[in-house]
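[1] requesting a structural model of the entry that follows:
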Amino acid sequence: MHKRWNIAEPLNEVQLALMQKISSEIKCPDLIAELLVRKGLTNIDEINKFFHPDLSDSHDPFLFRDMEKATERIIKAIKDKEKITIYGDYDVDGTTSTALLFLGLKKVGAIIDFYIPHRMIDGYGLSLSGVEQLKERGTNLIISVDCGINALEEVDEINELGMDIIITDHHNPQEILPNAYAIINPKVKDETYPYDKLAGVGVAYKLLIAVYHKLNLDSNELVNKYIDLVALGTIA
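    Just a heads-up that it's a prediction; the model follows:
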């Protein structure tokens, strides 16, 4: 299979001057300074935050327009002993997202299960066969991670079968969105969350933090407990 290489254009004069300024001020090689410029990091404060991130700088998860609705539904499922199934994906982002929500919700008493589709049999994302399996396994609430934003037919089937679905995803949506109970995706049109570069596991993490907040369990210990999974899924 032939691969096409996309070669970056050389830096212009303004970018070159900025690269040299960054290299001088933070005492890094020109190559690192060039990469920072190409990422759009143009001042020292931004660069310092990039190299020294702090969770306190992250955005409030309730800036997502459907977050309130999503957390209330999850907490209701926990209290009513409904079965929640995390519908994941087979790549690193999808598996870490699945593990994150499975472990995080199990810790607060959820009746929890997970489903990872078979790459060769089911393909990517929600599938009708997968949805039917979850119904047979007694699922009441599905939470998709790293998938689902364009699964119109599958979400309609979920509704027909009497289940609810909360979609968490970071992929680009089509013009028409699925008829899900709630959608948490920073790339949805008119979404109020200010940062659209989250990985799938980042979106799932925001949901977990919001649930913990609603349950008055958002201590640093609990919120940071699964941060290794967030890091792994993000860099993958």
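
[2] in the one helix or strand in the chain whose mean pLDDT sits lowest, what counts as buried?
    One helix or strand of the chain scores below all others by mean pLDDT, DSSP states H and E: helix 220-223, with a mean of 77. Across helix 220-223, burial judged by 16 or more other C-beta atoms under 10 Å covers 222-223. Backbone N, C-alpha and C define where each C-beta goes, glycine included.

[3] and it, how far out from the chain's middle?
    Distance of helix 220-223 from the chain centroid (C-alpha atoms, centre = their mean, to the nearest Å) equals 19 Å.

[4] contacts for that helix next, please.
    Here helix 220-223 makes contact (C-beta atoms under 8 Å, 6 or more residues apart in numbering) with 55, 107, 209, 212.

[5] show me how the protein divides into domains.
    13-50, 61-235 (automatic domain parsing).

[6] ok, L63 - how many residues close by?
    14 (other C-beta atoms under 10 Å).

[7] next one: H171
    15.

[8] so what's it closest to, chain neighbours aside?
    Excluding the flanking residues, the one nearest H171 by C-beta to C-beta, 6 or more residues apart in numbering is I149, at 5.4 Å.

[9] give me the secondary structure label for that neighbour.
    The local conformation at I149, judged by DSSP: H, G, I helix; E, B strand; the rest coil, is coil.

[10] just the one 5 residues further on next, same as before
    In three-state terms, and counting by three-state DSSP, E154 is helix.

[11] that one: neighbour count?
    If you count neighbours by other C-beta under 10 Å, E154 ends up with 23.

[12] so what touches stretch 174-194?
    Stretch 174-194 has contacts (C-beta under 8 Å, 6+ apart) with 59, 63-67, 69-70, 73, 148-152, 154-156, 159, 164-173, 195-198, 203, 206-207.

[13] for that stretch, measure first residue to last.
    20 Å (C-alpha to C-alpha, to the nearest Å).

[14] what mean pLDDT does that stretch get?
    Averaged over stretch 174-194, pLDDT sits at 97.

[15] check which residues of that stretch are buried.
    Buried, per 16+ other C-beta under 10 Å, within stretch 174-194: 177-178, 180-188, 191, 193.

[16] please enumerate the helices of the protein.
    13-26, 30-38, 44-51, 67-79, 92-106, 128-136, 152-160, 200-214, 220-223, 227-235 (DSSP state H).

[17] tell me which of these sits nearest to Y115.
    helix 128-136 (6.1 Å; C-beta to C-beta).

[18] just the buried positions in the closest one, please.
    For helix 128-136, a neighbour-count test (16+ other C-beta under 10 Å) marks 130-131, 134-135 as buried.

[19] quick one: distance of that helix to the chain centre.
    That offset, for helix 128-136, works out to 23 Å (C-alpha atoms, centre = their mean).

[20] now stretch 27-47
    26 Å.

[21] now do that stretch, average pLDDT.
    Per-residue pLDDT over stretch 27-47 has a mean of 93.

[22] buried residues in it?
    33-34, 36-37, 41, 47.

[23] kindly report the same for stretch 139-159.
    Within stretch 139-159, the residues that qualify as buried by neighbour count (16+ other C-beta under 10 Å) are 139-151, 154-155, 157-158.
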